Each structure stands twice: as C-alpha cells, then as structure tokens.
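A.B. asks: Compute the structure for the input listed below.
(2 chains)
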Amino acid sequence: GQSLEQPSEVTAVEGAIVQINCTYQTSGFYGLSWYQQHDGGAPTFLSYNALDGLEETGRFSSFLSRSDSYGYLLLQELQMKDSASYFCVFFAGGGKLIFGQGTELSVKP
Amino acid sequence: NAGVTQTPKFRVLKTGQSMTLLCAQDMNHEYMYWYRQDPGMGLRLIHYSVGEGTTAKGEVPDGYNVSRLKKQNFLLGLESAAPSQTSVYFCASSTGTGAMNEQFFGPGTRLTVL
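C.D. replies: Model (predicted):
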C-alpha cells in the first residue's frame, strides 16, 4: 500500500528554524510535494522534489532522500503567519495525489 | 482571474437528499480534482478528470458521482447523502499530472448531513 507519516504537531518560536519530517511507503515513487493550509482554507503549494537533495524557495526548503523514503520541510526565520498545517503529499501516478494527515505548526512569540 | 471557485460555500442536507457541488476554473487547466477533508485529516481524493468528458475514481469514490461536460467545470454529485459524507469538499485544478504540476485549490464547501 501507500502511506505517508508526519508528526501531528510541532511548536516553535518566532525567528527560529523548524523541520517537519515525512516518511513514506509506496510501491512506486514519482515525487513528493508540500502544501500549506491556514485555518482550514484552501491548501497552497509550497515545493516539490522529484530527485534527492534540497530545493530552496525563500525561507522554505524541502529535502528528499529516495533511498531512505524520507523527506522534510525546513522553515527558517519563522514568522507568526507561518502558523498553519503542512502536508507532505505523494504523487501516486495517474494524476493522483496522496496527502499525509498534516502537521500543525504553532509559532509562538 | 478568479482562479478556482466553488459553489455553494456552505450547505446542510438531510439524510437521503441529493445535491450537486460546482467547481469552476478560469486557468484553462486540463486536470481537475475533488477531495474531501475530515477534521484533523489530510485531503482524500474522491474523483478526478484529466480532460473534458473524462472522469476517473480516486481513493474514496463511493457515494459520489462526477461530470466534466465543459473543460472549465467539474461537478460533484451526492445522490443520497449520508452523515458519513459530512466533510469539507475541496476542488482543485492543474495543468497536468504529476506532483510537479501545482494544484490550485478552491476555498472549499462545508457540507453537513443530518
């Protein structure tokens, strides 16, 4: 089967760095993405990794290790507005995305 | 551009009633998707479409039907609503398949079935 695991909650302080981990199980791998969702609103795309290594987009970076079936999202210089749910998302092929259950990030002053 | 819009935003149904949720996108995207999100959970794919006139089943298709008669619209139907279908429904669209193809989401429809 296909599954994704990520922590349910993470807390950090403003200005800090936080890492949200994601491990996956699948019979075939086509890429790992990250989405952000504020207060149950529309999810928005953050990043995508198809190959091993680090992808950087401003304060956000995403890492993938296909041999370890593992990825993470790194958020630097945390701001209060970063408080949200973050989902790792696996591309299962055929147009299908499989979402993890989400990590709720709370940023404290 | 409005992006992805969903109608209605909220709805309360009684068990056994039927309804249709409408999703519209103005980005000329080929792919469209319907997801449901239950409290504290990620999104689960109900049905999707890779182009006008096509539909396919996702992870949780039972109890739902869809149609894509026009490229810009994707309809989700509940023929006989059940309390287990109480959820937030999100529509999304993208230029193509693959995780690299960013999906753009609508604001959601909050459905309660009594």
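
A.B. asks: Could you check which helix or strand contains the spatially most central residue of chain B?
C.D. replies: The centroid of chain B falls nearest to residue B:34 when counting by Cα atoms, centre = their mean (2.7 Å). In this assignment (DSSP states H and E), residue B:34 forms part of strand B:31-37.

A.B. asks: Over to residue B:111?
C.D. replies: Applying DSSP H and E as the criterion places residue B:111 in strand B:109-113.

A.B. asks: How about the residues of chain B by chain A?
C.D. replies: Selection of chain B residues close to chain A by Cβ under 8 Å from any Cβ of the partner chain yields B:4, B:31, B:33, B:35, B:37, B:40-45, B:48, B:50, B:56, B:58-59, B:88, B:90, B:97-100, B:102-108. In short, each C-beta sits where N, CA and C put it, glycine included.

A.B. asks: can you pull out the strands in chain B?
C.D. replies: In chain B, the strands defined using DSSP state E lie at B:4-7, B:10-13, B:19-25, B:31-37, B:43-49, B:56-57, B:65-67, B:73-78, B:87-94, B:104-105, B:109-113.

A.B. asks: go on, chain A?
C.D. replies: A:3-5, A:9-13, A:18-25, A:32-37, A:44-49, A:53-57, A:60-65, A:70-75, A:84-93, A:96-99, A:103-108.

A.B. asks: Restricting to C-alpha, output the helix or strand of chain A with the lowest mean pLDDT in CSV.
C.D. replies: When the helices and strands of chain A are scored by mean pLDDT, DSSP states H and E, strand A:96-99 comes last with a mean of 81. Taking C-alpha atoms only, strand A:96-99 is exported to CSV below (Å, rounded to 0.1, in the frame of the first residue of the first chain):
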residue,chain,number,x,y,z
LYS,A,96,-3.5,11.1,-8.1
LEU,A,97,-2.0,12.9,-5.0
ILE,A,98,-1.9,11.1,-1.6
PHE,A,99,-1.9,13.6,1.3
